[in-house]
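Chemist: Quick one: sequence and predicted model below, then my questions.
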Amino acid sequence: MRLTLLATALAALTGLLSPGLAAAQNAAPVPVRIGVIPVIGASPVFVANGEGWLKEAGLSPSFTTFESGPNMIQALASGTIDVYVAGVAPLAVARTKGIDVRVVAATAIEEMVFVAGPKLAPYFANGADKAEAFRQFKAKEGRSARLATQPPGSVPNTTLQHWLWQVAKADKANAEVVAMGIDATQQAMLAGAVDGASIREPALTIVQMRNPAIKLIATGGEMFPDQPGTVVGVFGAFADKNPAAVEGLVKAVMRATELLKSDPARAAKPVEAALGKGITDTATITKALTSPAAKFTADPRAIIEATKKMQAYQVSIGTLDKDVPLDGLFDASYFEKASAKP
């Protein structure tokens, strides 16, 4: 009798789950190869994995770290990763090249900020005009300011150029954009090899802790309002073959996003495990998770309009040939299904 009652209870519990998620939990784990960039914006995926929520969703994840979104596109095109966790901007370019990738969740917005090193920062003191600050720097130093960011086509590069030329209205003769990897950007700032940079967390917290003379000059909202940031993109073939797994992935990201907001100290542990690698500690990651450059959201619909604007700007600076319809790029159906269920 007890066994019968237990079986009945389990059947009832399973019935409360969506058919897709119930099947996912009962089936063999789905291997999923996830490409990530080592930034705080990717934290929801790190937390979802560290808390065991990806496993609960029926996934067996493996992770590969990349220096930028454009670099990751190559892996996506070659079929060596199934899931892309990086900036949204390169995905529009990818779709123009026939790569079927779909944004199923956001993770963060307004991540990119601009910092100035010890030589450049004083020119921005007391709310000085930004264009004039760059002009005065060149006049005194005899050279344009060297500003580090990631490769053309990336969110960091696009955001920096938008801030320089459209917001600050700096003269292009006074600022030189230098493309390099994420780690190299952080190292260059600390070594004084560049005068400024567009960076994200945890780099913002780390460089300012190590050198307080490095100053935050512009926030993400100032650089590009509602700046679209890191997203979760899924390769089309993987999504078509494993819809329940993708829904589970999105649900796990949503849970992680809520934990990052409600309990950053707890969330910091799996993030530090993914990003720290002996370079930093949990206290530093906790601080980074609560900084002005850490704004988490899982709803992909929240960044569609800003992505259109960013794409239009990419066309204007030549990193994108033409506007690409975004209807196929964003697939909010998984988020909507996950949101509708307890």
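Modeler: Here it is on my side, so go on. Note that the structure is a prediction, hence the values are computed from the model and not measured.

Chemist: Below-threshold pLDDT in the protein: ranges please.
Modeler: Residues of the chain meeting the criterion pLDDT under 70: 1-27, 278-279, 341-342.

Chemist: How about the residue sitting nearest the centre point of the chain: what's its closest non-neighbour residue?
Modeler: A centroid search over the chain (C-alpha atoms, centre = their mean) returns residue 230, at 2.2 Å, as the residue closest to the centre. The spatial neighbour of residue 230 that comes closest, neighbours along the chain excluded (C-beta to C-beta, 6 or more residues apart in numbering), is residue 41 at 3.4 Å. The way it works is simple: take the backbone N, C-alpha and C, and place the C-beta from them, glycine included.

Chemist: about what we covered before: so how far is residue 105 from the residue nearest to the centre of the chain?
Modeler: Taking C-beta to C-beta, to the nearest Å as the measure, residue 230 falls 10 Å from residue 105.

Chemist: residue ranges of the helices in the stretch 1-150 of the chain, please?
Modeler: Here the stretch 1-150 of the chain has its helices, by DSSP state H, counting those that start in this stretch, at 2-16, 19-26, 43-50, 53-56, 69-78, 89-96, 130-141.

Chemist: should've said the stretch 151-300 of the chain
Modeler: In the stretch 151-300 of the chain, helices defined by DSSP H, counting those that start in this stretch lie at 155-161, 182-191, 203-210, 220-223, 236-241, 243-262, 264-275, 282-289, listed in chain order.

Chemist: out of the ones you listed, nearest to residue 322?
Modeler: For residue 322, the closest of the helices of the stretch 151-300 of the chain is helix 155-161, at 15.6 Å, according to C-beta to C-beta.

Chemist: How far away from the center of its chain is stretch 141-152?
Modeler: In terms of C-alpha atoms, centre = their mean, to the nearest Å, the centre of stretch 141-152 is set 23 Å apart from its chain centre.

Chemist: what do you get for stretch 307-326?
Modeler: The chain centroid and the centroid of stretch 307-326 are separated by 19 Å under C-alpha atoms, centre = their mean.

Chemist: Endpoint to endpoint, it covers what distance?
Modeler: 9 Å (C-alpha to C-alpha, to the nearest Å).

Chemist: buried residues in it?
Modeler: Applying a neighbour-count criterion of 16 or more other C-beta atoms under 10 Å, the buried positions in stretch 307-326 are 307, 308, 310, 311, 313, 314, 319, 320, 324, 326.

Chemist: close enough to count as contact, the residue nearest to the centre of the chain and residue 108?
Modeler: Yes. Taking contacts as C-beta atoms under 8 Å, residue 230 lies within contact range of residue 108: 5.0 Å.

Chemist: Give the residues shared as contacts by those two.
Modeler: Between them, residue 230 and residue 108 share these contacting residues under C-beta atoms under 8 Å, 6 or more residues apart in numbering: residue 41.

Chemist: residues near the closest residue to residue 40 other than its chain neighbours, how many?
Modeler: The shortest distance from residue 40 to any residue other than its chain neighbours is 3.6 Å, reached at residue 201 (C-beta to C-beta, 6+ apart). Burial measure for residue 201: 26 neighbouring residues, criterion other C-beta atoms under 10 Å.

Chemist: same deal with residue 126?
Modeler: Using other C-beta under 10 Å, residue 126 is surrounded by 5 other residues.

Chemist: just to revisit the earlier point, who's in contact with the residue nearest to residue 230?
Modeler: Residues counted as contacts of residue 41 (C-beta under 8 Å, 6+ apart) are 107, 108, 111, 200, 201, 229, 230, 294.

Chemist: Could you break this protein into its assigned domains?
Modeler: Under automatic domain parsing, the residue ranges defining each domain of the chain are 17-109+227-340, 113-223.

Chemist: Counting neighbours, what do you get for residue 128?
Modeler: Close neighbours of residue 128, defined as other C-beta under 10 Å, add up to 12.

Chemist: With the one 5 residues further on instead?
Modeler: Other residues near residue 133 number 21, with proximity taken as other C-beta under 10 Å.

Chemist: And it, how far from residue 329?
Modeler: Noted for residue 133: a distance of 37 Å to residue 329, by C-beta to C-beta.

Chemist: With residue 158 instead?
Modeler: In this structure, residue 158 lies at 16 Å from residue 329, with C-beta to C-beta as the measure.
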